[in-house]
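A.B. asks: sequence and predicted structure, then a few things I'm wondering about:
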Amino acid sequence: MGKEGSPKHYNQLDSKRNRLTWIFGVSGLCILSYIMGSWKTAPYTTTNQSDTYSKVGCDVASTQSSSTTTQSSSSETPSTLDFSSHHHIEINSPSGMQEFPPCDMKFSEYTPCQDQVRGRRFDRNMLKYRERHCPTKDELIYCLIPAPPKYKTPFKWPQSRDYAWYDNIPHKELSIEKAIQNWIQVEGDKFRFPGGGTMFPRGADAYIDDINELIPLKSGNIRTAIDTGCGVASWGAYLLKRDIIAMSFAPRDTHEAQVQFALERGVPAMIGIMGSQRIPYPARAFDMAHCSRCLIPWGKLDGMYLIEVDRVLKPGGYWILSGPPIRWKTYWRGWERTQEDLKQEQDEIEEVAKSICWKKVIEKGDLAIWQKPINHKECIQSRRVIKTPHICQSDNHDMAWYTDMEKCITPLPEVSSSGQVAGGALEKWPSRAFATPPRISSGSIPTITPEIFQKDNDLWRDRVAHYKHVLPLQQGKYRNVMDMNAYLGGFAAALLKYPVWVMNVVSPNSDHDTLGAIYERGFIGTYHDWCEAFSTYPRTYDLIHAGGIFNIYQDRCNITLILLEMDRILRPEGSAIFREPVELLLKIKSITEAMKWNSKIIDHESGPFNPEKILVADKTYWTGQATPNKN
């Protein structure tokens, strides 16, 4: 009895009673919170939604395009994330519209910064009128560029190298104008590309074999090339099977849609011209440069155009010339020029090449080949005798965005011996793709170390493995790929096993100029400021990767215009990947939905706790309406 009535016993009873009271109280609060939460999140409708704000959902569209229905429904596929009940995002659309209308059909092949009508306002001297001239603020359009009425999904690579649908690029001009030269032929509802060219009547394959007999194309030492005045890019198309990737460019001129044909074939190309400004590539970028009757006056203007080729050629790189004036003694009548005129042109080219320290390797048949020295030890000494062109004193050798060409030799990095390759020797392809680029190993790019480079490769291997669950990378849907913010080219490297090529884009305003390192890896790319339109035709890319690009540009220009530009250059049923913090990603998603894209947000490859998310979007198929025949 004494024990049962002790204070200790009463304390135990009070403790048990208090514990039960606490448990029941907490349970009651949980039930009440659940009921209140269910009431607050119940569906509701409103008929007076603000024009400025809209509720942003992350649901996957119920109707998917025909090309995406073949994607795997594996349990590994990242689930769609829904932020719709928590976020209201302001839509910064200039017109205040929730949807963008289609443009008039006259804009079907609109190239904003190479518009031929606008170009007429500019000086014809040095072809300045064909250089980039972007629309002013008053000339910008806020509509969706329409595809031709009968647009079809392009042929898959490698069939696309030889065939394209006529309805996708309804231009017969080249098939008529270049009929004898076999550039392109019309066969029913298709174009066929026989691989011909002005200076290779036996076809590009045989022409490249002729080059291979003069310089080693299969050794792995030559990986990147540039083709000036490329036509429909047959030279670049047939180099691809030899593991050489060419950056082909041609102006938008009377030879209608050359670059558009090249990209429709799945061959790298850009609209561009050698005029008054540097071509948008870094110094020491290409292993080989090529001109086949490209009509560039190489010997004029104090050799400025050949000096520009020298800037972008790597040490030891080759320049190949065919067409006038090479072999002029045989062809002068067909070219309708005098022997004296052609001889003078060749003499001028030979003199410029010698003055910039090139060595003529060989002239055989229709081909002449020169080689740039591996360093400038002897070239610097020769300036005592050859006064012009002098060695450039400025340090902006890679700068090539709206930068005027110079009539001075771009200096190569210093070497300690005459047999040393300036800037560092490169690995043979394909080892070059994952070897540390010399610009990084030498410390030329501040803060980027070999360790950072290797970590970036590992990062992109994981990212592409993550993308495989939501994109049909192995099914041939994608061929032309763009990385809008390429950094070190890790995305391109991770895609090497797929049948794609990547246009690596680096901003000229970037803190670190990494494009030169990308070229040293054996990939291609260009400088570009995304506040302006890209130098390509509409519907020329199948997949666009936009990693962190909007976080960079959102304070510099209107992101709606960047998204409209992405819509312009993306093919119907093409895809885009965005990587941004979720708040910005939701704003992007709302604009893509106004552009008729289907999209979903998925988790970062590292898991759901990473604040960065991924938006995967597909451009839907739609076309413009045929223009009625007034007659």
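C.D. replies: Received it, and whenever you're ready, just let me know what you need. Residues are numbered from 1 along each chain as shown.
A.B. asks: going forward, measure contacts between C-alpha atoms and count neighbours the same way
C.D. replies: OK.
A.B. asks: for residue 466, give its distance to residue 510.
C.D. replies: Residue 466 is 27 Å from residue 510, where distance means CA to CA, to the nearest Å.
A.B. asks: ah, wrong one, I meant residue 301
C.D. replies: Going from residue 301 to residue 510 by CA to CA gives 32 Å.
A.B. asks: just to revisit the earlier point, which of residue 466 and residue 510 has more residues huddled nearby?
C.D. replies: residue 466 (18 against 13; other CA atoms under 10 Å).
A.B. asks: out of everything not next to it in sequence, what's closest to that one?
C.D. replies: With CA to CA, 6 or more residues apart in numbering as the criterion, residue 466 has its nearest non-adjacent residue at 6.0 Å, and that residue is residue 605.
A.B. asks: that neighbour contacts residue 464, doesn't it?
C.D. replies: No - using CA atoms under 8 Å, residue 605 is not in contact with residue 464, being 9.4 Å away.
A.B. asks: so where's this structure shaky on pLDDT?
C.D. replies: Along the chain, the parts satisfying pLDDT under 70 run over 1-97, 174-181, 255, 628-631.
A.B. asks: biggest strand in it by residues?
C.D. replies: strand 570-581 (DSSP state E).
A.B. asks: does anything pack onto the helix or strand just after it? Which helices or strands?
C.D. replies: Per DSSP states H and E, the first helix or strand lying C-terminal to strand 570-581 is helix 582-594. Helix 582-594 sits against strand 88-90, helix 559-569, strand 597-602, strand 612-619, with contacts defined as 3 or more CA pairs under 8 Å, 6 or more residues apart in numbering; DSSP states H and E.
A.B. asks: burial measure for residue 316, as a count.
C.D. replies: 18.
A.B. asks: hang on, it in a strand?
C.D. replies: Yes - counting by DSSP: H, G, I helix; E, B strand; the rest coil, residue 316 falls inside a strand.
A.B. asks: now it: how far from residue 398?
C.D. replies: Going from residue 316 to residue 398 by CA to CA gives 18 Å.
A.B. asks: same thing with residue 430?
C.D. replies: Using CA to CA, residue 430 is found at 25 Å from residue 398.
A.B. asks: of those two, which one has the most company?
C.D. replies: residue 398 (22 against 15).
A.B. asks: under a three-state scheme, what state does the more buried one occupy?
C.D. replies: Secondary structure, three-state DSSP: residue 398 is coil.
A.B. asks: tell me the strands beside the strand or helix carrying residue 362, with direction?
C.D. replies: Assigned by DSSP H and E, residue 362 belongs to strand 359-364. Strand 359-364 sits in its sheet next to strand 367-371 (antiparallel), going by DSSP bridges.
A.B. asks: and the strand it pairs with, C-alpha only, in CSV?
C.D. replies: Output of strand 367-371 as CSV, limited to C-alpha atoms (Å, rounded to 0.1, in the frame of the first residue of the first chain):
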residue,chain,number,x,y,z
LEU,A,367,44.5,21.1,-107.5
ALA,A,368,47.1,23.4,-105.8
ILE,A,369,47.9,22.9,-102.1
TRP,A,370,49.8,25.2,-99.7
GLN,A,371,50.8,24.6,-96.1
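A.B. asks: next, count neighbours for the spatially closest residue to residue 402 that is not a sequence neighbour.
C.D. replies: Distances taken as CA to CA, 6+ apart put residue 277 closest to residue 402, at 6.2 Å, once the chain neighbours are dropped. Residue 277 has 20 neighbouring residues, counting by other CA under 10 Å.
A.B. asks: quick check: residue 277 touching residue 403?
C.D. replies: Yes - counting by CA under 8 Å, residue 277 does reach residue 403; the two are 5.5 Å apart.
A.B. asks: ends of stretch 296-314, what's the gap?
C.D. replies: Stretch 296-314 stretches 21 Å from its first residue to its last (CA to CA).
A.B. asks: next: stretch 236-247.
C.D. replies: Stretch 236-247 has an end-to-end distance of 8 Å (CA to CA).
A.B. asks: relative to residue 390, how far out is the closest residue to residue 297 other than its chain neighbours?
C.D. replies: Residue nearest to residue 297 in three dimensions, not counting chain neighbours: residue 305, with 7.6 Å by CA to CA, 6+ apart. Counting by CA to CA, the gap from residue 305 to residue 390 is 15 Å.
A.B. asks: comparing those two, which residue is more hemmed in?
C.D. replies: Set residue 305 next to residue 390 and count neighbours by other CA under 10 Å: residue 305 wins out with 23 against 17.
A.B. asks: check which helix or strand covers residue 423.
C.D. replies: With DSSP H and E as the test, residue 423 turns up in no helix or strand.
A.B. asks: ok, how many other residues are close to it?
C.D. replies: Look at residue 423: counted by other CA under 10 Å, it has 20 neighbours.
A.B. asks: and the nearest residue to it once chain neighbours are set aside, what does it touch?
C.D. replies: Spatially, and ignoring its direct neighbours in sequence, residue 423 is nearest to residue 413 (5.4 Å; CA to CA, 6+ apart). By CA atoms under 8 Å, 6 or more residues apart in numbering, residue 413 lies in contact with 375, 422, 423.
A.B. asks: mind telling me what element residue 413 is part of?
C.D. replies: Using DSSP H and E, residue 413 sits within no helix or strand.
A.B. asks: tell me the spacing between it and residue 276.
C.D. replies: 26 Å.
A.B. asks: so the spatially most central residue of the chain, which state does it fall into?
C.D. replies: The centroid of the chain falls nearest to residue 503 when counting by CA atoms, centre = their mean (2.9 Å). Three-state call for residue 503 (three-state DSSP): strand.
A.B. asks: so which bits of stretch 140-156 are buried?
C.D. replies: Within stretch 140-156, the residues that qualify as buried are 142, 143, 144, 145, 146, 147, 148, 151, 152, 154, 155, 156, counting by 16 or more other CA atoms under 10 Å.
A.B. asks: I meant stretch 594-605, not that one.
C.D. replies: Within stretch 594-605, the residues scored as buried using 16+ other CA under 10 Å are 595, 596, 597, 598, 599, 600, 601, 602, 603, 604, 605.
A.B. asks: same thing with stretch 537-550?
C.D. replies: Buried positions in stretch 537-550, judged by neighbour count with 16+ other CA under 10 Å: 537-547, 549-550.
A.B. asks: stretch 621-629 too?
C.D. replies: Buried, per 16+ other CA under 10 Å, within stretch 621-629: 621, 622, 623, 624.
A.B. asks: any idea how far it is from the middle of the chain?
C.D. replies: 28 Å (CA atoms, centre = their mean, to the nearest Å).
A.B. asks: roughly how far does the residue nearest to residue 466 sit from residue 465?
C.D. replies: In terms of CA to CA, residue 605 sits 9 Å off from residue 465.
A.B. asks: again with residue 265
C.D. replies: Taking CA to CA, one finds residue 265 at 27 Å from residue 465.
A.B. asks: who's more crowded, the two?
C.D. replies: Taking neighbours as other CA under 10 Å, residue 265 and residue 465 compare with residue 265 leading, 29 against 13.
A.B. asks: do I have it right that the more buried one meets residue 163?
C.D. replies: Yes - Residue 265 lies in contact with residue 163 (CA under 8 Å); the separation is 6.9 Å.
A.B. asks: now do the contacts for residue 570.
C.D. replies: By CA under 8 Å, 6+ apart, the residues touching residue 570 are 538, 539, 540, 541, 542, 543, 544, 619.
A.B. asks: correct me, but the third one touches residue 264?
C.D. replies: Yes - applying CA under 8 Å as the test, residue 540 and residue 264 come out as touching, 6.5 Å apart.
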